[in-house]
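Participant: Here is my input; please provide its structure:
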Amino acid sequence: MKDIKLILLFIALIASLPLLTSSGVVLNFVVMALYATLLAQSWNILGGYSGQFSFGNAVFFGTGAYVQAIAQMQFGANAWVALFLCIGASALVGLFVGSVSFRYGLKGSYFALVTLAMAEIFRILSLSVNFTGAGVGLMLPLNNTFLGMQFVQKSGYVWLLLGLVTCALLLTAYIKHSKLGAYMQAVRDNEDAGRALGINPFKVKLVAILLCASLMGAGGGVYVQLFQYIDPGIAYGPQSSVEALVAAIVGGIGTLWGPVVGATALLLMSELTRNLFGQIPGINMVIYGLVLVFIVLFAPSGLTGLGVSIRSLVFKKTISNSTKVPSDELDSKSGEKL
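Facilitator: This is a model prediction of the structure:
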């Protein structure tokens, strides 16, 4: 109930922001933070709770984005219907990638490389066929209506993304406190021990990648509605994969609020670096790399576990100082031995 209360408080806080301010800067920041949170939370379910690190979540993101655009442009589907279609299509791709990978026991770096390769394969395929617009991409027609899922005011996108992020948070909270979550963590910590206890790692990991792909596909669908354009580089490029992975790690993987904190912190840092060093191309990626190295070295639990990491470092330093023998005592002892 504590997690549910916090989620309800989060919903009330974010939902009330468009009613309290009409600042385009503030609302745009909230929209992008929620968007990044959705991507990070999807990666967190697969990588944080199940321990299956993916470097190619873009394969799910791009599939959702293209299905969202193609369903509307070529089949005349309603934007809301297309959103459900893009989630379903991404889930199917997730099942395919998971079945191929987990059936043959791929894990660790091998699984990460398979997902990265899948994203590249889909990128090349989307460059080669006409219905994706090939290298030109697809431009979604302007339709500023509720049915078209395009909003004149940023508040519409805030509430849309808040709904999706809420679903992701509730799903993660369920995983955290359910038998499924316990199975996922058992597979993450020791797959062989979990199998000995009667857990089927293949099914558990398949459910994890299915949930991850569905949320990532929803992120791709919202991206198309927000920016009204998609091409192979955006859809299957490394940007969305890196954004999801880094935000989850910085915030704290395997936690409920880590992706929220990490996505918000990285977006805030990105905005600050853009304002301070906007004339230097690629500086935001450099900052991302430095932050990631710092977190891995000094705060492996992420920002949400920063207090634990600090206490651990202080405790280790105290123990090392208490066990250190003074040099004069060493000299006297060595003299006695001589």
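Participant: Low-confidence ranges, the stretch 201-338 of the chain, go.
Facilitator: Where the stretch 201-338 of the chain drops to pLDDT under 70, the residues are 278-279, 284, 288, 307-338.
Participant: Show me where it has its strands.
Facilitator: According to DSSP state E, counting those that start in this stretch, the stretch 201-338 of the chain carries its strands in the segments 229-230.
Participant: residue ranges for the helices of the stretch 51-200 of the chain, please.
Facilitator: 58-73, 79-103, 109-128, 154-177, 179-189, 191-196 (DSSP state H, counting those that start in this stretch).
Participant: Nearest the geometric middle of this protein, what residue?
Facilitator: Geometric centre of the chain, nearest residue: residue 40, 1.6 Å, by CA atoms, centre = their mean.
Participant: For the helix or strand that contains residue 18, give me every contacting residue.
Facilitator: Residue 18 belongs to helix 2-20 when assigned by DSSP states H and E. Contact with helix 2-20 is made by 26-27, 30, 34, 153-155, 158-159, 162, 166, 169-170, 173, 176-177, 256-257, 260, as judged by CB atoms under 8 Å, 6 or more residues apart in numbering. Bear in mind the C-beta positions are built from the backbone N, C-alpha and C, glycine included.
Participant: any idea which helix or strand comes after it?
Facilitator: Scanning forward in sequence from helix 2-20 by DSSP H and E, the next helix or strand is helix 24-43.
Participant: That next one to helix 58-73, inter-axis angle?
Facilitator: Counting by axes from the mean of the first three to the mean of the last three CA atoms, to 10 degrees, helix 24-43 lies at 120 degrees to helix 58-73.
Participant: Next, the angle from helix 24-43 to helix 2-20.
Facilitator: 150 degrees.
Participant: which parts of helix 24-43 are buried?
Facilitator: Using 16 or more other CB atoms under 10 Å as the test for burial, helix 24-43 gives 27, 29-43.
Participant: same thing with stretch 222-233?
Facilitator: In stretch 222-233, counting by 16+ other CB under 10 Å, buried: 222-226, 230-232.
Participant: Report the distance from that stretch to the chain centre.
Facilitator: Its chain's C-alpha centre and that of stretch 222-233 lie 18 Å apart, by CA atoms, centre = their mean, to the nearest Å.
Participant: Now do the contacts for residue 184.
Facilitator: Residue 184 makes contacts with 49-51, 175, 204, 208, as judged by CB under 8 Å, 6+ apart.
Participant: Let's see that with 7 Å instead.
Facilitator: Residues in contact with residue 184 (CB atoms under 7 Å, 6 or more residues apart in numbering) are 49-50, 175, 204, 208.
Participant: quick check, nearest of those residues to residue 142?
Facilitator: Taking CB to CB as the measure, residue 208 is the one of the contacts of residue 184 closest to residue 142, at 37.7 Å.
Participant: just checking, the closest one touches residue 47?
Facilitator: No. Residue 208 is not in contact with residue 47 according to CB atoms under 7 Å; the separation is 9.0 Å.
Participant: right, and the residue nearest to the centre of the chain touches residue 247 too?
Facilitator: Yes. Between residue 40 and residue 247 there is a contact at 3.7 Å, judged by CB under 7 Å.
Participant: For burial, what's the neighbour tally of the nearest residue to residue 138 once chain neighbours are set aside?
Facilitator: Spatial nearest neighbour of residue 138, excluding adjacent residues (CB to CB, 6 or more residues apart in numbering): residue 69 at 4.6 Å. Using other CB atoms under 10 Å, residue 69 has 27 neighbouring residues.
Participant: Now the common contact residues for residue 40 and residue 247.
Facilitator: 259, 262-263.
Participant: Could you pick out which of the contacts of residue 184 are located in helices?
Facilitator: The helices, defined by DSSP state H, take in 175, 204, 208 from these.
Participant: Considering these, which possesses the most neighbours?
Facilitator: For the ones in helices among the contacts of residue 184, the largest number of neighbours (other CB under 10 Å) sits with residue 208, at 27 neighbours.
Participant: Retrieve the pLDDT associated with the closest residue to it other than its chain neighbours.
Facilitator: Nearest residue to residue 208, sequence neighbours excluded (CB to CB, 6+ apart): residue 50, at 3.9 Å. Each residue has a pLDDT score; the one for residue 50 is 93.
Participant: just the buried members of the contacts of helix 2-20?
Facilitator: For these, a burial check counting by 16+ other CB under 10 Å picks out 27, 30, 34, 154-155, 158, 162, 166, 169, 173, 176, 256-257, 260.
Participant: now the buried residues of stretch 222-233 as TSV including distance to residue 303?
Facilitator: Converted to TSV, these look like this (distance: CB to CB, whole Å):
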residue	distance to residue 303
222	25
223	25
224	30
225	30
226	26
230	31
231	33
232	33
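Participant: Tell me how far residue 26 lies from residue 6.
Facilitator: Applying CB to CB, to the nearest Å, the value for residue 26 to residue 6 is 22 Å.
Participant: any idea how far residue 247 is from residue 107?
Facilitator: Note on residue 107: its distance to residue 247, by CB to CB, is 23 Å.
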